[in-house]
Structure formats: structure tokens, C-alpha cells
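>>> Prediction below, plus the sequence it came from.
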Number of protein chains: 2
Amino acid sequence: MKLYDWGAAPNPRRVRIYLAEKGIEVPTEDVGVPNSGDLRPEFLSAHPHRRVPMLELDDGACIGEAMAICRYFEALHPDPPLMGRTPKEMALIDMWERIAEFEGLQAVSENFRNSRRTFTDRAIAGYANALPQIPAPIERGALRTRIFFEKIDAQLADNQFVAGDNYSTADITTLCTIDFARFCKLPVPDECKILLRWYEVVSARPSARA
Amino acid sequence: MKLYDWGAAPNPRRVRIYLAEKGIEVPTEDVGVPNSGDLRPEFLSAHPHRRVPMLELDDGACIGEAMAICRYFEALHPDPPLMGRTPKEMALIDMWERIAEFEGLQAVSENFRNSRRTFTDRAIAGYANALPQIPAPIERGALRTRIFFEKIDAQLADNQFVAGDNYSTADITTLCTIDFARFCKLPVPDECKILLRWYEVVSARPSARA
């Protein structure tokens, strides 16, 4: 088994934090080209999905998508549960994790990928120089990011963690979204006090260094 | 328990097909305003997530996101499995279902939501008149839709269904994407012969009428 990683990117970090929370060690290879927006050509030609993280199993099967990789490990190592224990918990965590991905991480990516010279022809990850940047999503991504922060701030008013009483994959994706947004100069606004307090708490967990 | 539905929209259909495949009946209310792009104001004010499908449990908890709703029922009624049986199957289905959502359904939506007069200020679902349409994603959505079709066509060359040997939620999302794309005049190209054959097979299942 091998995990293809890229230290500089937000999606592989979701898996690294997950594995650190679970105490699972996986042989890992960083396939990013340092100081660039590129993955190594050998990786790209061998993996037509063109994205990291990517988990290659011993039988050669490749699992892409950060949360699908986490789901694989969750089925093998259910404790401590990070994707819920009961049907309701499982559903709420899946819902909030998807909200964090669609409304948070994708919004920041929309801003980032359309504004950086590195990604001129790759406005969305995973396409081979097929998608030119377009300017309007830069603004829209910033607006959606702010709306996302306000939504999670409201959700945390009644919940210790994003999807309820327990730390879960929904917290992992939200944390990676905030740090990616900070890198893009889209910080959590001061008004989102509850979200900022939650951010301090989850950033203090050892897994956040992953 | 109640499922909030909208007969005209692609996302609620993912849940309806899932329930039909499982043979599960759920009290359902259609909250769409006929011949419009709107959800009923009572629903919107009571459900700040502003999207369908939405499953309201008897304790008042609300589960949004089509796949999170399916996951709730999958945990309660595991047979027949539509989200995998083994860790590897679960991960591959989750991966391909997400690819179908991110690269298929979202691409068609990008085209649809930015081009219709009905959605002038709602270029992405779930935002309250906050996101004006932008023209460039119309073209890009069409291009990404075609790239998605080619990717699934290639995947089906070696697999009976989208994520492997068994019909799964990955097939459901792909089917709903194709029918939504047809509605948007983005049909599967004739060159994608394997995808077109698969489309005939899954469209012939009774669940496809849901």
C-alpha cells in the first residue's frame, strides 16, 4: 500500500490529519514538484485521475478523493470513529463534511485556482491543461468562502464540533479549508467568534501538524 | 420522518432512485413551486440549508445532501448494499460517486445555473440571491461535462457498473447527471458507446422512473 501525497496542497492534508487522529501509519510518497503547482510527470502518466491524495492498494487498485480514502481506513479501523457510530451520526457527519467540501474548500479553490499564474490553464484540479482561468470566480470564491464561514460559525453555536458532539471528518475538512483560505488571504472574519474559538481548539490537536 | 423533494430537480432524484432500489418508502413532500426555479417560501424559511433533498427525522434533525441521506438509510437497511460491502468496495464507490458529483453533476449545474433566466442571482444552489450568474462557466461546464462522459466511458470499458461489478450510488449519480445534461442539451456524445450502452441498461431498471 502506498499513499501519494503533496505536502503543499489542502486535500492530501485531510487524509494526513485523519490518519494522525487514528494513529495509522501508511507508507507515503510526496509527488509534488517543489515550488510549483505541478505533480511529477511519472505520477500523472501512471494515474489518469491526476490528483492527490491517491491511495494505491497492494492489488493495484487506486482510491482517489480524500474522503473515499478515509472511508477505506474507517471500515478497517472503526475506532476511534471519525465518520460516526449511529446512522444519524454517520449521515450528519457526511452532510457537514460535504458542506465543508462544496461550500468551503471548493469556494477557496475557485478563488485560488483562477488567480494564480501557476494555474493558467488548470482552473480546476485534475484536468490536463484543459480549463483556462476565468476572472469572475475569484470574487465569487471569496464571497462564498465568507458565507461558508458564517454558516459554520452559526452551526458551532449549538455544537461543540462541526457535525455535533464529536470530532469528525467534518472538522478535518473545515480546518483544512480555513488554513487554505488563510494562505489565500481569505481569513475567518473577526465577527465569526465561535468559529475562531473552535479553530484554536482543533489547531491545538497534535493531528493538526500533519 | 419526512423527505422534502422537488420532482423537477436532479439531486432529489438521486435519493428517490436509491429508495426505489432499496424498496424503502418514506413520506415525501414536494416543496418546489411548479414551473419555476423556486422552492416554497415556507420550506426556505424553515430550512436554512435552502436545498432539497432534505430528510427531517422525527427528533427534528435535518439531513441535507443526497448522499448523506442515502448513507442514513444504508446504515439502517444494509441490504441490498448500494454503498459497498468490503472496505475496498466502499471506498471505490465513494470515490466514483464523488467523481460523478464533482466532475459530472456540478459541471452540468455550472452550465445550467449560469445560463437560465430563472437563476439570475442564484448561480449556485443554496444561496439566497447572493451569487450573480457569470457567463464563462456556461462553456466550461459544457466542456467539463464532455470530459466527464469520456472518463466514465473509459471506466466502463473494464467494469460492468461505474464503481465495479455491482450497481451502486455511483451509478445513480451518473444516471441523474446524464438525464440532467440531456435536459440542458448536453447529450452523451455518440463516441461514448460503452457509456451509452450502460445508460440503456440502468435506465431500464424500474428505479429509473423515480
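Ah, there it is.

>>> What segments of chain A are strands?
Counting by DSSP state E, chain A has these strands, from start to end: A:2-5, A:28-30, A:54-56, A:62-64.

>>> hey, which of these is tucked in deepest?
Ranked by mean neighbour count, the strands of chain A are led by strand A:54-56 with a mean of 23 (mean count of other C-beta atoms under 10 Å in any protein chain shown). No exception for glycine: its C-beta is placed from N, CA and C like everyone else's.

>>> Identify the residues contacting the lowest-mean-pLDDT helix or strand in chain A?
Within chain A, no helix or strand scores below helix A:106-115, which has a mean of 86 by mean pLDDT, DSSP states H and E. Contacts to helix A:106-115, defined as C-beta atoms under 8 Å, 6 or more residues apart in numbering or on different chains, come from residues A:10, A:119, A:122-125, A:133-135, A:137-138, A:140-142, A:144-145, A:147-148, A:177, A:180-181, A:184, A:186.

>>> now swap in stretch A:90-97 and tell me
Outside stretch A:90-97, the residues that reach it (C-beta under 8 Å, 6+ apart) are A:67, A:82-84, A:155, A:162-164, A:168-170, A:172-173, B:55, B:61, B:63-65, B:67-69, B:71-72, B:75.

>>> Can I get the buried part of the contacts of helix A:106-115 as one ChimeraX selection?
The buried subset of the contacts of helix A:106-115, as determined by 16 or more other C-beta atoms under 10 Å in any protein chain shown, is captured in ChimeraX by this line:
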select /A:10,119,122,123,124,125,133,134,137,138,140,141,142,144,145,147,148,177,180,181,184,186
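
>>> show me which of the contacts of helix A:106-115 neighbour chain B.
A:123-124, A:134, A:137, A:140, A:144, A:147 (C-beta under 8 Å from any C-beta of the partner chain).

>>> Could you list which of these belong to helices?
A:137, A:140, A:144, A:147 (DSSP state H).

>>> Now tabulate the strands of chain A in JSON lines and tack on distance to B:Lys22 and mean pLDDT.
Listed next are those as JSON lines, based on distance: least, C-beta to C-beta, whole Å; pLDDT from 0 to 100:
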{"stretch": "strand A:2-5", "distance to B:Lys22": "33", "mean pLDDT": "97"}
{"stretch": "strand A:28-30", "distance to B:Lys22": "38", "mean pLDDT": "97"}
{"stretch": "strand A:54-56", "distance to B:Lys22": "29", "mean pLDDT": "97"}
{"stretch": "strand A:62-64", "distance to B:Lys22": "25", "mean pLDDT": "95"}
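
>>> Spit out the contact partners of the residue nearest to A:Ala128 when sequence neighbours are not counted.
Distances taken as C-beta to C-beta, 6 or more residues apart in numbering or on different chains place A:Arg50 nearest to A:Ala128, at 6.5 Å, with adjacent residues excluded. A:Arg50 is in contact with A:39, A:44, A:125-128, counting by C-beta under 8 Å, 6+ apart.

>>> what's the neighbour count on A:Arg117?
7 (other C-beta atoms under 10 Å in any protein chain shown).

>>> separation between it and chain B?
The gap separating A:Arg117 from chain B is 18 Å, by C-beta to the nearest C-beta, to the nearest Å.

>>> Likewise for A:Ser45?
A:Ser45 is 15 Å from chain B, by C-beta to the nearest C-beta.

>>> For that residue, report the pLDDT, please.
Reading off the confidence values, A:Ser45 has pLDDT 91.

>>> so how many other residues sit close to it?
By the other C-beta under 10 Å criterion, the neighbourhood of A:Ser45 contains 9 residues.

>>> what's the nearest residue to A:Val33 if we skip its chain neighbours?
A:Arg40 (6.0 Å).

>>> OK, contacts around the one you found?
Here A:Arg40 is in contact with A:31-33 (C-beta under 8 Å, 6+ apart).

>>> do A:Leu143 as well
Neighbours of A:Leu143 in contact, by C-beta under 8 Å, 6+ apart: B:130-131.

>>> again, 10 Å this time
Contacts for A:Leu143 (C-beta atoms under 10 Å, 6 or more residues apart in numbering or on different chains) come out as A:107, A:110-111, A:186, B:127, B:130-132.
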